[in-house]
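**Q** pasted the sequence and its predicted model underneath.
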Amino acid sequence: MKHGISICSFASIRICIAIFEILPMEDRCHARFDATQRTYDYFLHTYKDPFLSTVSSLYLQKNFNLDKMRQATRLLLRYNDYRAFCKTPNDYEHTICNVTVSELFADSSGDRIRFRISANRFLGRMIRIIMGKLIDVGTGELSVDEFESYLITKITPPLIDPAHPQGLFLSKVVYPYLDLPPRTAFSAITQNRVDTSWQEV
């Protein structure tokens, strides 16, 4: 603190931006509020690899129950009130999110897992909270029925433990006037693998 101003070091933060195309837009277009769909991918790995540390979360847990995780993942498509998966639900006018995609992928060994979700909107930390609960399902700490009970009752879990922030990526944003296909080659580079290594669970 110097002269009442907090000084922080951002030396460890890296921001990478890739511009693929520039399109002329009308003055009133809004990057956030005009979006009709957002897609996020969350990556985790179960073994130590320094090359994955900035693009995937490390969970030293072997033998995730991928079938149970898949069952829980598909439940997300049946409900639209995600109050239970928000740390501060009262901060929002409503907690309705229309999830249209909820998929789980893994590599052939099951050592790398990828969760993809698309919706018209998301609540604060919603994806990381969901991923934290999916991890609990995969380790047997939470049953699929218990996972669904949060969606049914809309009651916030007594313990909210969001998944680590590393590994969460905004993959795609759709607008009424713009729906560009994702650059799969680019995403493959960031994951240090070709996209064909992922298999839907």
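**A** Perfect, I can see it now.
**Q** contacts and neighbour counts: CA atoms only from here.
**A** OK.
**Q** lowest-confidence helix or strand of the chain?
**A** Using mean pLDDT, DSSP states H and E, helix 184-190 stands out as the lowest-scoring helix or strand of the chain, at a mean of 50.
**Q** please enumerate the strands of this structure.
**A** Ranges of strands within the chain are 37-45, 57-58, 99-106, 112-119, 168-174, 199-200, based on DSSP state E.
**Q** can you give me the buried ones in the third one?
**A** Neighbour counts using 16 or more other C-alpha atoms under 10 Å place 99-100, 102-106 of strand 99-106 among the buried residues.
**Q** excluding chain neighbours, what is closest to Ala72?
**A** Nearest residue to Ala72, sequence neighbours excluded (C-alpha to C-alpha, 6 or more residues apart in numbering): Val144, at 5.6 Å.
**Q** burial count for the one you found?
**A** A count of neighbours around Val144, defined by other C-alpha atoms under 10 Å, yields 20.
**Q** surely it touches Arg70?
**A** No. Val144 is beyond contact range of Arg70, at 9.6 Å (criterion: C-alpha atoms under 8 Å).
**Q** can you list the weak-confidence ranges in this protein?
**A** Residues of the chain that meet the criterion pLDDT under 70 lie in 1-16, 182-196.
**Q** contact partners of stretch 79-89?
**A** Contact with stretch 79-89 is made by 95-99, 123-126, 129-130, 150-152, 154-157, 160, as judged by C-alpha atoms under 8 Å, 6 or more residues apart in numbering.
**Q** quick check: bridge partners of Arg38?
**A** In this entry, Arg38 is beta-bridged to Ala119, Val173, by DSSP bridges.
**Q** list the contacts of it.
**A** 118-121, 170-174.
**Q** hmm, try it at 6 Å
**A** Arg38 is in contact with 118-119, 172-173, counting by C-alpha atoms under 6 Å, 6 or more residues apart in numbering.
**Q** how about the helices in the chain?
**A** Using DSSP state H, the helices found in the chain span residues 66-75, 126-139, 144-153, 184-190.
**Q** among the ones you listed, which is nearest Tyr47?
**A** The closest of the helices of the chain to Tyr47 is helix 126-139. By C-alpha to C-alpha, the value is 15.2 Å.
**Q** just to revisit the earlier point, ChimeraX command for the buried members of the contacts of stretch 79-89?
**A** Burial among the contacts of stretch 79-89 is assessed by 16+ other C-alpha under 10 Å; the matching ChimeraX selection reads:
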select :95,96,97,98,99,123,125,126,129,130,150,151,156,160
